[in-house]
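>>> need a 3D model of the sequence below.
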Amino acid sequence: MPGEGHNVTGVGLGLRWEFLEEVLDGPPLDLAFWEVCPENSMHRGGYYPHALARIAERYPVFTHGLTLSIGASDPAPLDYLTELRDETRRLKTPWHSDHLCFGNAGPRMLHELLPLKQSTANARRAAERVRRAQDVLGLPMLVENITWYAHPGRREIPEAEFIAEVVERADAGLLLDVNNVWVNAQNHGFDPQAFILELPLERVRQIHVAGHTRTASGLILDTHGAAVVDPVIDLLEWTLERTGPMPVLLERDHDVPELAELLAEVHRLRAAYDRALTRREAPLARSA
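Down below sits the predicted model:
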């Protein structure tokens with residue numbers, strides 16, 4: 001199974017330039033891991049790659065990408081995959097993750113994570129691209145479910161089935177973003193727990209949580225610019241009861257607060273994490 005063998009569990013945090021020096025120069029932090037976007041350090045020399053290497057010596061590091069464009073029509077360029085391979089090896093990540101979406105039109109980057117039409121043909125094409133990425137990187141891939149606000153064309157298969165077909169055909173792992181599930185459920189009117197139960201939970205290797213923004217019209221946007229709300233934490237707990245222990249990441253990409261505030265939020269998530277695992281283990285203890 002992709003990603004089996006690593007032993008990192010608990011709550012980690014996305015590394016951001018706003019507090020990089022504080023992490024480098026301060027005492028060790030009570031974090032399970034850091035997650036970094038390798039595209040931010042590829043093609044660069046000097047300070048930032050050196051700083052990331054120092055962090056990778058002190059903490060586990062996972063890489064999470066934005067530009068693989070798994071669902072695009074054209075295959076990812078080999079030079080991009082080769083540079084990504086070199087960066088993931090340098091950071092010693094156990095896997096690389098990216099989004100089940102497309103983000104380019106030919107050579108033009110769109111700087112958005114755009115949804116794919118949910119069809120068997122698209123699932124098969126995306127799975128083939130994930131397989132190719134895994135072959136070049138020499139690493140397991142994790143595929144992340146995205147938020148979407150309009151479906152492109154007539155849906156041919158349900159979203160959960162679409163995601164499942166991609167990861168099963170690619171023999172990849174699933175990065176389950178529970179905030180994305182919750183946001184989509186609120187915007188499109190479905191039960192987030194029922195949706196999660198339709199996914200191949202045995203393939204989940206990592207979980208993301210983040211904050212979001214509600215617009216004046218009531219639409220919820222996945223902005224990663226606020227604290228995680230209680231209903232998303234509740235969904236995280238419910239999910240962990242079913243998946244068991246694994247890495248959970250707190251994402252914050254906009255309006256990034258002081259590191260101390262983010263660490264307090266990590267502590268809150270860790271309490272939810274512990275509650276979930278206690279409930280999961282209780283039936284086993286009673287039957288022993």
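>>> pretty sure residue 233 is touching residue 207, no?
No - the criterion here is CB atoms under 8 Å, and residue 233 misses it with residue 207 at 11.8 Å. C-beta here means a position set from N, CA and C on the backbone, and glycine is covered the same way.
>>> what about the closest residue to residue 199 other than its chain neighbours, distance to residue 50?
Spatial nearest neighbour of residue 199, chain neighbours left out: residue 160 (5.3 Å); criterion: CB to CB, 6 or more residues apart in numbering. Residue 160 sits at a distance of 42 Å from residue 50 (criterion: CB to CB, to the nearest Å).
>>> the two: who's more crowded?
Between residue 160 and residue 50, counting by other CB atoms under 10 Å, residue 160 is the more crowded of the two (19 against 11).
>>> so after the one helix or strand that one maps to, what's the next helix or strand?
Here residue 160 is covered by helix 159-170, with elements defined by DSSP states H and E. Next in sequence after helix 159-170, counting helices and strands by DSSP H and E, comes strand 173-177.
>>> so what does the helix or strand just after that following strand touch, helix or strand wise?
The helix or strand immediately downstream of strand 173-177 is helix 178-188, counting by DSSP H and E. Here helix 178-188 touches helix 192-197, strand 204-209, strand 220-221, helix 230-243, going by 3 or more CB pairs under 8 Å, 6 or more residues apart in numbering; DSSP states H and E.
>>> could I get the full set of strands for this protein?
Secondary structure of the chain (DSSP state E): strands at 10-14, 34-36, 61-64, 96-99, 102-105, 108-114, 141-144, 173-177, 204-209, 213-214, 220-221, 247-250.
>>> can you redo those as CSV with distance to residue 131 and mean pLDDT?
Conversion of the strands of the chain to CSV gives the following (distance: least, CB to CB, whole Å; pLDDT from 0 to 100):
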stretch, distance to residue 131, mean pLDDT
strand 10-14, 27, 98
strand 34-36, 23, 97
strand 61-64, 18, 97
strand 96-99, 13, 96
strand 102-105, 17, 64
strand 108-114, 21, 63
strand 141-144, 8, 98
strand 173-177, 13, 98
strand 204-209, 17, 98
strand 213-214, 36, 91
strand 220-221, 32, 89
strand 247-250, 23, 98
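>>> got those as TSV, with mean neighbour count and distance to residue 132 columns?
Converted to TSV, these look like this (neighbours: other CB atoms under 10 Å; distance: least, CB to CB, whole Å):
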stretch	mean neighbour count	distance to residue 132
strand 10-14	22	27
strand 34-36	22	23
strand 61-64	25	17
strand 96-99	24	13
strand 102-105	18	15
strand 108-114	13	19
strand 141-144	25	10
strand 173-177	26	16
strand 204-209	23	20
strand 213-214	14	35
strand 220-221	16	32
strand 247-250	24	25
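>>> export the ones you listed to TSV and tack on distance to residue 152?
Formatted as TSV, these follow (distance: least, CB to CB, whole Å):
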stretch	distance to residue 152
strand 10-14	28
strand 34-36	29
strand 61-64	24
strand 96-99	15
strand 102-105	10
strand 108-114	8
strand 141-144	18
strand 173-177	20
strand 204-209	23
strand 213-214	23
strand 220-221	18
strand 247-250	28
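>>> and those: which comes nearest residue 276?
strand 247-250 (9.7 Å; CB to CB).
>>> mind giving me the packing neighbours of that closest one?
strand 10-14, strand 61-64, strand 204-209, helix 259-287.
>>> one more pass at 6 Å, please.
For strand 247-250, the elements it packs on are strand 10-14, strand 204-209, judged by 3 or more CB pairs under 6 Å, 6 or more residues apart in numbering; DSSP states H and E.
>>> dump the first one to CSV, restricted to CA.
Put plainly, it is strand 10-14. Taking Å, rounded to 0.1, in the frame of the first residue of the first chain, the C-alpha atoms of strand 10-14 are listed here in CSV:
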residue,chain,number,x,y,z
GLY,A,10,-0.1,13.5,15.1
VAL,A,11,-0.6,17.1,14.1
GLY,A,12,1.8,19.1,11.9
LEU,A,13,1.9,22.6,10.4
GLY,A,14,2.5,24.1,7.0
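>>> how many other residues sit next to the nearest residue to residue 211 once chain neighbours are set aside?
Using CB to CB, 6+ apart and skipping the chain neighbours, the partner closest in space to residue 211 is residue 226 (3.3 Å). If you count neighbours by other CB under 10 Å, residue 226 ends up with 15.
>>> residue 226 reaches residue 210, doesn't it?
No - applying CB atoms under 6 Å as the test, residue 226 and residue 210 come out as separate, 8.4 Å apart.
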